[in-house]
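Colleague: sequence first, then the predicted structure, then my questions.
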Amino acid sequence: MFTHEILVPVLPELLPEHQVRLARLIALEPVPDPLRRFACLLPDSALEPVAKRLHLSRADQTRMAAMAGAEHIAAPALATLDDPAALRRWAYDQPDHTAIDRLLRAAAALDDPPMLTPALAALSQWTRPKLPLRGADLIARGLTPGPRSAVRCRQFRPPGSQPTSRPNHTRSTPSRTLQSRRS
């Protein structure tokens, strides 16, 4: 691929020195993942622009963008691989489904990557616990609905997580305008 320079005209962002990182990633991965392997060949600054330029799906674009900066983000997890509780705490703070990608990308960037098999097995079986509290529950207990209560609800949500319910959509005003014109 690199020796024949097939991809260089199409993807000038590819770094040949990342071949070593790709080899490490292949050795660490329990299950091959083409998107993760492709992202391993690119520098952090090129992940999101290349994903958009190649018209990847929005989910893949988001996933590639989340892999940027993995070396810095996953450093605490790499330091605590022997402590399952600390690893779960780290994974809980990551946006949904990015912990394994970030951990593998960060480990592949190291000259001497650690043994990740037990940590990856633990992370693949772990599911993020859901907070049993919703905005409707707080309103039922007396919190006044409005922007201030929404701010309070966001304080309980972990960083990077999505709201559990659909946001309230305001009614469209054109129908009201049509009714007022008819009368």
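Modeller: The structure has been received and is ready for your questions.
Colleague: outline the domain layout of the protein.
Modeller: Following automatic domain parsing, the chain resolves into domains at 16-125, 130-157.
Colleague: which of the ones you listed sits most buried?
Modeller: domain 16-125 (a mean of 16; mean count of other Cβ atoms under 10 Å). Every residue, glycine included, has its C-beta placed from N, CA and C.
Colleague: centre of the chain to that one, how far?
Modeller: 10 Å (Cα atoms, centre = their mean, to the nearest Å).
Colleague: mind checking the end-to-end distance for it?
Modeller: 34 Å (Cα to Cα, to the nearest Å).
Colleague: so for it, what's the average pLDDT?
Modeller: For domain 16-125, the mean per-residue pLDDT is 87.
Colleague: how near is the residue nearest to the spatial centre of the chain to residue 22?
Modeller: Nearest to the mean C-alpha position of the chain, by Cα atoms, centre = their mean, lies residue 98 at 3.8 Å. Applying Cβ to Cβ, to the nearest Å, the value for residue 98 to residue 22 is 19 Å.
Colleague: do residue 64 as well
Modeller: For residue 64, the distance to residue 22 - Cβ to Cβ - is 15 Å.
Colleague: select, out of the domains of the chain, the one closest to residue 6.
Modeller: domain 16-125 (12.3 Å; Cβ to Cβ).
Colleague: the protein: helices as residue ranges?
Modeller: 19-28, 34-40, 44-53, 58-67, 70-73, 75-79, 84-93, 99-108, 117-125, 135-140, 147-156, 173-182 (DSSP state H).
Colleague: tabulate those (TSV), appending distance to residue 13.
Modeller: What follows is the helices of the chain, written out as TSV (distance: least, Cβ to Cβ, whole Å):
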stretch	distance to residue 13
helix 19-28	14
helix 34-40	11
helix 44-53	4
helix 58-67	12
helix 70-73	17
helix 75-79	24
helix 84-93	29
helix 99-108	16
helix 117-125	28
helix 135-140	42
helix 147-156	36
helix 173-182	45
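Colleague: right, and the ones you listed - which one's nearest residue 10?
Modeller: Comparing the helices of the chain by Cβ to Cβ, helix 44-53 comes nearest, at 9.9 Å.
Colleague: next, the angle from that closest one to helix 58-67.
Modeller: 170 degrees (axes from the mean of the first three to the mean of the last three Cα atoms, to 10 degrees).
Colleague: dump the domains of the chain to CSV, plus distance to residue 10.
Modeller: Below are the domains of the chain laid out as CSV (distance: least, Cβ to Cβ, whole Å):
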stretch, distance to residue 10
domain 16-125, 9
domain 130-157, 40
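Colleague: nearest to residue 5, out of the ones you listed?
Modeller: Nearest to residue 5, of the domains of the chain and by Cβ to Cβ, is domain 16-125 at 9.4 Å.
Colleague: quick one: contacts for residue 101?
Modeller: 33, 36, 39, 63, 66, 67, 70 (Cβ atoms under 8 Å, 6 or more residues apart in numbering).
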